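Colleague: With the sequence up front, the predicted model follows.
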Amino acid sequence: MTFLSVNVNKIATLRNARGGSIPDVLLAAQRIEGYGAHGITVHPRPDERHITYADVRALKPLIQGEFNVEGYPSKSFLALVDEVRPHQVTLVPDPPDALTSNAGWDAVSEAEFLAPIIADLQAKGMRVSLFLAPDSDQIQAAARLRTDRIELYTEPYAAAFPTQGADAALPFARAAVLAHALGLGVNAGHDLNAANLRAFAETVPYLDEVSIGHALISDALYMGLSNAVATYRACLEPIPA
């Protein structure tokens, strides 16, 4: 089945709003895995406004499933993942002041920049995923870069879903078919939620993993963390015949 990786950035945002250690990001990550998530995602930013570099270091020995660290490949970020060695590094093209990820890489024009970074991370035993729009030229460029996976940027799907339903996922399905044919794994993330996730997962083949943070943590405020994880897991599981 498709793996669920839960992004715990928003838990760190709440902690940092008050200072101190409440809520405890480390405890939350352990509980999330205990409730059935397949892994934990973090996206440390240069200003450390939510997840800090210290959080990333502290989380690594605690994570039982997959640990996915996202970020722009700055010198400080690359030094961090070189130290921590997560299972997967997801490279995103965010500038330092970005509020949230809002575009995929231009893997065509950025190929010279990305190629040695991808190769170095892989040589050190980390799987590499590139954050991309569902664009055939970009996916082919990613394959030429020999990245392991792509992460499809799903905000356009989420925006179109209320009016188009599952049809909004068709461009992503075509992208996943192409990526699979080129030997790439397929992840997805950004604005996926309990209302639109099942339609996406049922429409898009070869989906290895989804990374979800904001919506799942927000839902946990109403239904509790264990129920939120179970709800999102259920969206990824086939409906019994």
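Modeller: Ah, there it is.

Colleague: Low-confidence ranges, the protein, go.
Modeller: Applying pLDDT under 70 to the chain picks out residues 95-102, 240-241.

Colleague: swap the cut-off to 90 and go again
Modeller: 1, 19-20, 46-47, 49, 94-103, 238-241 (pLDDT under 90).

Colleague: all helices of it, in order?
Modeller: 9-18, 25-34, 53-59, 75-84, 111-123, 136-144, 155-164, 170-181, 197-203, 214-223, 225-236 (DSSP state H).

Colleague: Skipping adjacent residues, who's closest to the residue nearest to the spatial centre of the chain in space?
Modeller: Centroid-nearest residue in the chain, with CA atoms, centre = their mean: residue 211, separated by 3.7 Å. Spatial nearest neighbour of residue 211, excluding adjacent residues (CB to CB, 6 or more residues apart in numbering): residue 189 at 3.8 Å. Placement of C-beta: from N, CA and C, glycine included.

Colleague: partners of the one you found in the sheet?
Modeller: residue 153, residue 211 (DSSP bridges).

Colleague: Adding distance to residue 65 and mean neighbour count, write the helices of the chain out as a markdown table.
Modeller: A markdown table is the format used below for the helices of the chain (distance: least, CB to CB, whole Å; neighbours: other CB atoms under 10 Å):
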| stretch | distance to residue 65 | mean neighbour count |
| --- | --- | --- |
| helix 9-18 | 17 | 17 |
| helix 25-34 | 6 | 19 |
| helix 53-59 | 12 | 17 |
| helix 75-84 | 15 | 15 |
| helix 111-123 | 20 | 15 |
| helix 136-144 | 25 | 18 |
| helix 155-164 | 25 | 16 |
| helix 170-181 | 23 | 18 |
| helix 197-203 | 19 | 20 |
| helix 214-223 | 15 | 17 |
| helix 225-236 | 12 | 18 |
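
Colleague: Kindly reformat these as TSV containing distance to residue 44.
Modeller: Output for the helices of the chain, formatted as TSV (distance: least, CB to CB, whole Å):
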stretch	distance to residue 44
helix 9-18	9
helix 25-34	12
helix 53-59	6
helix 75-84	7
helix 111-123	16
helix 136-144	23
helix 155-164	21
helix 170-181	27
helix 197-203	25
helix 214-223	16
helix 225-236	22
